[in-house]
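[1] Sequence first, predicted coordinates after that:
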Amino acid sequence: MIYLDYNATTPTDQRVIKAMLPYFHDISANPSSIHNAGQKARQAVESARATLAKMLKCQTDEIYFTSGGTESDNIAVKGTAFAGGKRKKIVTSAIEHHAVLTTCEYMHKFGFEIVKVPVDQYGIVDLNVLEKEVDDDTLLVSVMHANNEIGTLQPIREVSKITQRHGAIFHTDAVQTVGKMPIDIPSMGIDMLSLSGHKFYGPKGVGALVVRKGMRFDPLSHGGHHEQRKRAGTENVPGIVGLGKTCEIAIDEMDAEEKRLRKLRDRLWQGISTKVSELKLNGHPEKRLANTLNFSVKYIEGESMLLQLNMNDIGASSGSACTSGSLEASHVLLAMGVPHDMAHGSLRFSLGRFNTETDIDKVISVFPGIVEKLRAISPLYKPSITGMHKE
Amino acid sequence: MIYLDYNATTPTDQRVIKAMLPYFHDISANPSSIHNAGQKARQAVESARATLAKMLKCQTDEIYFTSGGTESDNIAVKGTAFAGGKRKKIVTSAIEHHAVLTTCEYMHKFGFEIVKVPVDQYGIVDLNVLEKEVDDDTLLVSVMHANNEIGTLQPIREVSKITQRHGAIFHTDAVQTVGKMPIDIPSMGIDMLSLSGHKFYGPKGVGALVVRKGMRFDPLSHGGHHEQRKRAGTENVPGIVGLGKTCEIAIDEMDAEEKRLRKLRDRLWQGISTKVSELKLNGHPEKRLANTLNFSVKYIEGESMLLQLNMNDIGASSGSACTSGSLEASHVLLAMGVPHDMAHGSLRFSLGRFNTETDIDKVISVFPGIVEKLRAISPLYKPSITGMHKE
Amino acid sequence: MQYSQKVMDHFMNPRNVGEMQDADGTGTCGNPVCGDLMTFYVRIEPRTDELEKARICEIRFKTFGCGAAIAVASMASEMAKGKTLSQVIDLSRNDVTDGLDGLPPVKMHCSNLGVQAIHEAIKDYLTKIGRQDLAEKIRGCPKEEH
Amino acid sequence: MQYSQKVMDHFMNPRNVGEMQDADGTGTCGNPVCGDLMTFYVRIEPRTDELEKARICEIRFKTFGCGAAIAVASMASEMAKGKTLSQVIDLSRNDVTDGLDGLPPVKMHCSNLGVQAIHEAIKDYLTKIGRQDLAEKIRGCPKEEH
Ligand SMILES: Cc1ncc(COP(=O)(O)O)c(C=O)c1O
Ligand SMILES: Cc1ncc(COP(=O)(O)O)c(C=O)c1O
């Protein structure tokens, strides 16, 4: 299969698997145990923590290991909200991942006011609205670094500055950027940051929340005295070791990889958009993850394209409701003002480490036929009667 | 190292590692993706779920995968509490794992009354008190199946009956029993059950919460539509596959293993207690996990014994405060009425799959010397002046 | 999404796709907001109002929608073809789903659209031949698409 | 728990362990409830009340406690031995911790017990020789062990 769904998840790098392997059986004790076996596990965990800190330019004791991006996001939102204080407003954006969005909405139940700041046609948060909404009652501002569906990058520094002016906490979901582009937590003014291993060639089921010193938050899971008493549960040692190795590799390779993927992605869009009519690029043309291409195909629906691609051994994803088990189209595309039918007709190709030019050219050669076939059976597409449809 | 700390964590079985390996790289897509790669991952997850259901005699859709025992316990307590309803009382036992105990205590903040039912000298919950405390205002009763420190087994069926009489929900933390002894969720009257992979030769960072159909609970982590929308986050596919394999092995081997370990453990206690004076067995002599031996050594402290054992390449654990980073001795031993100094002087040997008679005999031969050495420097031990001390 | 082989077969090779310029009845259910839209065209023979006699002798459809929607439309068209109107009115979503060897739970809503749109086409036919009274008795698309 | 090599050395081979039947001063800090208890015995020479002259010429201890507690007692005993009372009174927990190349954060409370119990033994000595006034100026064990 030509895998073009790296934003959904990535295969674990073989070097990462190799680094993890000894920690399943040979060095498998509990890092909280005082015997030598436990201490070896402890050292491995702390050394991974140091690598993460190095990559993100933060302190080691600012890193809390979690089970993934979703848990990190939930800790950031619920943890800060439950930690108390007088502020009762949470400001987020309309295009957050559900791990932030649904979590914020859930906090309504606990008396918090939730404000979702709108985005422009490219999916960039409206800083004017943000500026107006963030006030001295605002506890938390959560705006993601890059959107997973469209890849659009947010103006993190500006959001942080507005947040700081009102003494609120700034959280960013950086699940899609960590390991793909440089991040400098202090200079970007980030108070809390979520990341997830499996989005950049690390293992699934492990992530981290970075919390700058001095921030108060309640644990999401209570229990033993792990992770500075802020995240209970026996440490997933192989997972954490794997995450450390993942970061080590990313530090070395991300720049070159970024350039390579941008070229491949642009080749893909170039190839497809010259061959297929009536496409619409979703997301910002430049301020966008180098590996992400999202566009809508007029008159046809996303899942049916995915199935056809799948029959051609190409794996991608769609912002169509039909793939998510709900009737709603992608909240991200709708928030950007994409009409419902075009939102249902969206496709996301997200590229990664194992893609080659040959992969891309295969997609370019196969895709037009798929569109043609599906448009032929679409009641919305009537070229014979109306000629070329326009927007 | 002679590892005798299996209740803290177990090495992952080589067969489990082997089962997991293909799911890191080769079959590594997101189970929510509709392409073939995603569907292969989905099938692996669902097949693991079926194995768990088989082991626990429950339905497949009653199983929710989590990141471990702590998370499962937290979902059970917080999820039920936050789901709403009029009932405002949570009844638990004084000897629960911190993942239950601290979590219950935390719920006080949200207006819940928490009652910790005391235990007898063997660590068995007082059913009379439980009977009195569980009432029509009780939302949840959480009593563990076997205690991790002393191994004592709780009268689950009786607790369940009392709970049911008042229409409350019965949760049991079975982290220490799943895979070690047979569990039949319906016939034991369990509504919710927590388990954790790394306690029975599965991977760390994966566990499950079993919830009988019809029980309402709020997710602990909100986000995508995973696990019937009750536990968001990209599935830890290799971990889940590993957990499935772990259960498969347990189904086959647990009976024979239980007998073998009981013999080894009794040999250990027999050997130590005939050679060392003034020991006290902690936990119930019979109603106890087959692999767990906990006792207190008068006049000396646990961690110092652990360090000496460690110098002899033996790994064990202790209920002493000194190992946990708090000044309090084990809440379990104190709840059983063990005096503070004896609680500080407790040791836990927990046996497992890779222990042999040779291991046990080594411990028996080394241990008396360690006790002698430490007693010689203890101000509490004065055999020369008072002769043999008595309780 | 686990689709049966039947679903995939109908999705990849949908039967009776197309339009019909001079259809006796046409029916459309769904809308692009929900991500599914189906239009059916039927030709009736004999063109009578006797539901037991009039048959769907030709049927065509077009679909905007997911794999399930396309397969459902194709399967429904096959099931309706050659049957009397009375038989077609008795067709249910379950018949279509069963014909496809089942659908994933999240896709069940698609299975309704197929028969609904065909029923809508029959209503259209009956209305056109002056039998609003009969047409009204048939349920076509639901008023509100959620 | 990551102990330094020095800690492990003192733990495995504690110096000056034992009791003293006719000690000039004894001091006990800690209690078994907290898991740490130390008793120090000191012999003073010359047995004067001049803090600059009187020296701890012999010292013994017994400890109930964790590895850190035992190592701390051993290190503190070595540091105090041969020193004048004035010098010993100036000894702090940090001196002991530094002498041991540090202790894990959770063990820092142990490091206090060592000097405190020796100070307590000096208080006892000064009291016995009739200098309560001097004894009162020295801080021994804290009133309440948490
Ligand atoms: C932007 C973003 N945030 C959060 C998540 C959730 O991360 P995880 O799947 O590790 O829970 C994802 C991916 O699913 C994501 O893309
Ligand atoms: C009885 C019991 N409950 C819960 C837990 C927590 O499980 P985990 O470490 O998988 O979070 C443990 C072990 O740590 C335990 O022994």
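    Thanks, I have the structure now. Numbering: from 1, shown residues only, chains lettered A, B, ... in the order given. Ligands and ions are numbered 1, 2, ... in the order given.
[2] Buried ones in whichever strand or helix holds residue C:40, by neighbour count?
    When secondary structure is defined by DSSP states H and E, residue C:40 falls within strand C:36-45. Within strand C:36-45, the residues that qualify as buried are C:36-44, counting by 16 or more other Cβ atoms under 10 Å in any protein chain shown. (Each C-beta comes from the backbone N, C-alpha and C, glycine too.)
[3] number of nearby residues for the spatially closest residue to residue A:340 that is not a sequence neighbour?
    Spatial nearest neighbour of residue A:340, excluding adjacent residues (Cβ to Cβ, 6 or more residues apart in numbering or on different chains): residue C:33 at 4.1 Å. Counted with other Cβ atoms under 10 Å in any protein chain shown, residues neighbouring residue C:33 total 18.
[4] Redo the buried residues of strand C:36-45 as JSON lines? Include pLDDT and distance to ligand 2.
    Putting the buried residues of strand C:36-45 into JSON lines (pLDDT from 0 to 100; distance: Cβ to the nearest ligand atom, whole Å) gives the following:
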{"residue": "C:36", "pLDDT": "90", "distance to ligand 2": "43"}
{"residue": "C:37", "pLDDT": "93", "distance to ligand 2": "49"}
{"residue": "C:38", "pLDDT": "95", "distance to ligand 2": "50"}
{"residue": "C:39", "pLDDT": "97", "distance to ligand 2": "55"}
{"residue": "C:40", "pLDDT": "98", "distance to ligand 2": "55"}
{"residue": "C:41", "pLDDT": "98", "distance to ligand 2": "60"}
{"residue": "C:42", "pLDDT": "98", "distance to ligand 2": "61"}
{"residue": "C:43", "pLDDT": "98", "distance to ligand 2": "65"}
{"residue": "C:44", "pLDDT": "98", "distance to ligand 2": "66"}
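[5] give me the subset of the residues you listed touching chain A.
    With Cβ under 8 Å from any Cβ of the partner chain as the criterion, the members of the buried residues of strand C:36-45 in contact with chain A are C:36-39.
[6] wait, what's in contact with residue A:149?
    For residue A:149, the contacting residues are A:7, A:95, A:282-283, A:294, A:319, A:330, A:332-333, A:346, A:348, taking Cβ atoms under 8 Å, 6 or more residues apart in numbering or on different chains as the criterion.
[7] make it 7 Å
    Applying Cβ atoms under 7 Å, 6 or more residues apart in numbering or on different chains, we find residue A:149 in contact with A:294, A:319, A:330, A:332, A:348.
[8] Please tell me how far the residue in the stretch 51-200 of chain A that chain D sits nearest to sits from residue A:45.
    With Cβ to the nearest Cβ as the measure, the residue in the stretch 51-200 of chain A that lies nearest chain D is residue A:61; the distance is 11.0 Å. When Cβ to Cβ, to the nearest Å is applied, the distance between residue A:61 and residue A:45 equals 13 Å.
[9] can you check residue A:30 too?
    When Cβ to Cβ is applied, the distance between residue A:30 and residue A:45 equals 11 Å.
[10] These two: which has the busier surroundings?
    Between residue A:30 and residue A:45, counted using other Cβ under 10 Å, residue A:30 has the larger neighbour count: 25 against 20.
[11] The residue nearest to the spatial centre of chain A: helix or strand, and which one exactly?
    For chain A, the residue nearest the mean C-alpha position is residue A:176 (3.4 Å; Cα atoms, centre = their mean). Following DSSP H and E, one finds residue A:176 outside all helices and strands.
[12] for residue A:86, same thing?
    Assignment of secondary structure by DSSP H and E places residue A:86 within no helix or strand.
[13] what about the residue in chain A that ligand 1 sits nearest to, neighbour count?
    Nearest residue of chain A to ligand 1 (Cβ to the nearest ligand atom) works out as residue A:69 at 2.5 Å. Around residue A:69 there are 30 other residues, counting by other Cβ under 10 Å.
[14] With adjacent residues omitted, what lies nearest to it?
    Nearest non-adjacent residue to residue A:69, counting by Cβ to Cβ, 6+ apart: residue A:196, 3.3 Å away.
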